[in-house]
Structure formats: C-alpha cells, structure tokens
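**Q** need coordinates for the below:
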Amino acid sequence: MKKLLLVMALSTLFTCSNDGDNFVSPVQADLSGVWNATAYEFEGRTTTISPKDVSFYDFTGVGGKMEFNMVFTENPNEYFLDGFYFLDHTIITDEGDIYMFTDFNTFDDDGTWTINGNNITLIQEGTFTIVGISNLTETSLILRINTTESETLGDNATTISTNKQETYKFERN
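**A** Got it, this is the predicted structure:
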C-alpha cells in the first residue's frame, strides 16, 4: 500500500492597494509570541476510484472549547503546540446520507520553523508542513493548511484521494 502526502499552502493571499500597482502582505507583525486558539475548522472531500465505481464523501469539522495555544520563539526558531479541543464532524456521502459525531483532540507537538513571505514551514522530526498566513497583526493570526493525500491499494486498481482545507484562528496572549 503506497501513501503519498502532499502538503501545500493555500494560495498566498494578497490585498491590493488603492493604486492597483502594489500588493500588501497579510504579514503585518512579528510571529514570535504566545497565540491562543479561538477557532478551528476544516472541510474537504475523499474520493474513491475503483475499476467498477467512483464514490465520494464531503466532510467538515468545527472546533469547540478551544483550550490550546501555539508558541513561536526566535533564536532558535522553535514552536510548541499544546492543549486540547472538541471537534464536531459532519460527513455527507454522495448518496446524501449525513453522519455527525464529536471527538476530543489533544496537541503536544514541538519543532522548528522558518518563514518565507506568507508561508511558515513547520519542521517536526523530519516532516515538513507548509502553513499559509492569511493574516498576522499584533493581536490576530490566521493560518491555513491545504493537504492532499492519495493512497493506491495493493491491487493498483483502487485509489483513495483526500483533499482538506484547514483554518486556525489565534489571538496573541
């Protein structure tokens, strides 16, 4: 069974100035500090392609009781993600069936980071995750992650692909 994970930043978001000639980056402040999570949500689709059928299901999730924070330090550039949250899931099949459930999630991650323009690269035990910055001010941080996973089953005849878009919102502590 082969599994491929591609992590891509959401298209870098820019806003135009009034004269139309210049672009303003959403990065307007220093990233370092303690950021408390205020919202988390995601959406996506999983598609299964087999020799006899194509099926899919759409999914969404909304975080609740957000009790986690993310800390960015400089020199060295390290990050720490710690805490928990509840997540309400909704799955809608291609036949219109709706399934809902809630689960409990925890974070206890750390690693290093680099920033290049509107993208942060988080590095944890050799795994790289590129996170797009949609907004960064002195008090607010919005991060977006797009992922695509594709798995081909042993018979090489069935492929399962998942596309997921995540949004994290934080306020500076």
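**Q** pLDDT below threshold where in this structure?
**A** Along the chain, the model assigns pLDDT under 70 to residues 1-25.
**Q** from the centroid of it, which residue is nearest?
**A** When Cα atoms, centre = their mean is applied to the chain, the residue found nearest the centroid is residue 145 (3.0 Å).
**Q** now that residue: which helix or strand?
**A** Per DSSP states H and E, residue 145 falls inside strand 140-152.
**Q** direction included, what does that strand pair up with?
**A** Pairing partners of strand 140-152, with direction, according to DSSP bridges: strand 2-8 (antiparallel), strand 127-136 (antiparallel), strand 159-172 (antiparallel).
**Q** quick one: it to chain centroid distance?
**A** Averaging C-alpha positions (Cα atoms, centre = their mean, to the nearest Å) puts strand 140-152 4 Å from its chain's average.
**Q** swap in stretch 134-146?
**A** Relative to its chain's centre, stretch 134-146 lies at 12 Å (Cα atoms, centre = their mean).
**Q** return the set of buried residues in that stretch.
**A** Judged by neighbour count (16 or more other Cβ atoms under 10 Å), stretch 134-146 contains these buried residues: 134, 135, 136, 140, 141, 142, 143, 144, 145, 146. In this view, the C-beta of every residue, glycine as well, is placed from N, C-alpha and C.
**Q** I'd assumed residue 170 was in contact with the fourth one.
**A** Yes. Counting by Cβ atoms under 8 Å, residue 140 sits close enough to residue 170 to count as a contact (7.3 Å).
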